[in-house]
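Engineer: coordinates only, sequence not included:
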């Protein structure tokens, strides 16, 4: 098992159980207890869990999003396919507001050599696009959230209100036909709503697993989206419900 997959499995197991022992985690993952102890130290440093002798207890509440550093290593190939598909929907010369999150960071990397005007909503994406040869990079004000480095607050909202974009590319924590697009963080949800209000077209990007989730903060109904790009593991039930709401779904 790859280390990123194992870290996710450990995180999920500890979160589900509340606390769990090293021996049980070793049995579940097939890794040695020494490897599990190293993984637990890594996750403890990321704020995912608390170590104690012989095991660990979760520090993530049910409504909490796992840390950026942990999510960034998950499903990189899937996120890359989604990013390539999104890039194909963007024409040279467009102005684009690009959301925070790990999938949108992959979109930033794919757009690096395009002739576009891009306003990223995270410092991770700003860094990825700095020095891009043909791209005009706009950097909003705001307060970066620790770890995520997503820009939030009144300065970010003011930056979005002052501009009009051809396309908004948004990530999400949950997306379905019933509850629409949702986010874990209230400030992040406000930024997403402002990006939608300032854009002519809205494309949501998400891994298929999030199509069955609903997070705390409502952002927008599914009908507010013009397209959804997800991966090929999306179920027919999830995609059919979204398409019935009038949103084309692209599976890659």
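Structural biologist: Happy to help now that I have it. None of these values were measured; they are calculated from a predicted model.

Engineer: Quick check: closest non-adjacent residue to residue 170.
Structural biologist: Nearest residue to residue 170 in three dimensions, chain neighbours excluded: residue 99, at 4.5 Å (Cβ to Cβ, 6 or more residues apart in numbering). From N, CA and C alone the C-beta is placed, and that goes for glycine too.

Engineer: which residues sit in contact with that neighbour?
Structural biologist: 121-122, 168-171, 191-192, 195 (Cβ atoms under 8 Å, 6 or more residues apart in numbering).

Engineer: and with 6 Å instead?
Structural biologist: By Cβ atoms under 6 Å, 6 or more residues apart in numbering, the contact set of residue 99 is 121, 170-171.

Engineer: ok, now residue 193?
Structural biologist: With Cβ under 6 Å, 6+ apart, residue 193 has these contacts: residue 219.

Engineer: same thing but at 8 Å, please
Structural biologist: 219-220.

Engineer: cool, and residue 160?
Structural biologist: Counting by Cβ under 8 Å, 6+ apart, residue 160 touches 97, 119, 140, 191, 194-195, 197-198.

Engineer: repeat that for 7 Å
Structural biologist: Residue 160 makes contacts with 97, 194-195, 198, as judged by Cβ atoms under 7 Å, 6 or more residues apart in numbering.

Engineer: neighbour-wise, which of the residues you listed leads?
Structural biologist: Counting neighbours by other Cβ atoms under 10 Å, residue 97 comes out on top of those with 29 neighbours.

Engineer: And the contacts of whatever helix or strand that one lives in?
Structural biologist: For residue 97, the host element (DSSP states H and E) is strand 95-98. Applying Cβ under 7 Å, 6+ apart, the set of residues contacting strand 95-98 from outside is 90, 104, 107-108, 116-121, 125, 160, 165-169, 195, 198-199.

Engineer: Mind doing that once more with 8 Å?
Structural biologist: With Cβ under 8 Å, 6+ apart as the test, strand 95-98 has contacts from 90, 104, 107-108, 111, 116-121, 125, 160, 163-169, 195, 198-199.

Engineer: Generate a PyMOL selection restricted to the buried subset of those residues.
Structural biologist: Burial among the contacts of strand 95-98 is assessed by 16 or more other Cβ atoms under 10 Å; the matching PyMOL selection reads:
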select buried, resi 90+104+107+108+111+116+117+118+119+120+121+125+160+165+166+167+168+169+195+198+199
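
Engineer: follow-up on the earlier one: same list (the contacts of residue 99) but as JSON lines, adding distance to residue 76 and secondary structure.
Structural biologist: Below are the contacts of residue 99 laid out as JSON lines (distance: Cβ to Cβ, whole Å; DSSP: H, G, I helix; E, B strand; the rest coil):
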{"residue": "121", "distance to residue 76": "21", "secondary structure": "coil"}
{"residue": "170", "distance to residue 76": "20", "secondary structure": "strand"}
{"residue": "171", "distance to residue 76": "15", "secondary structure": "coil"}
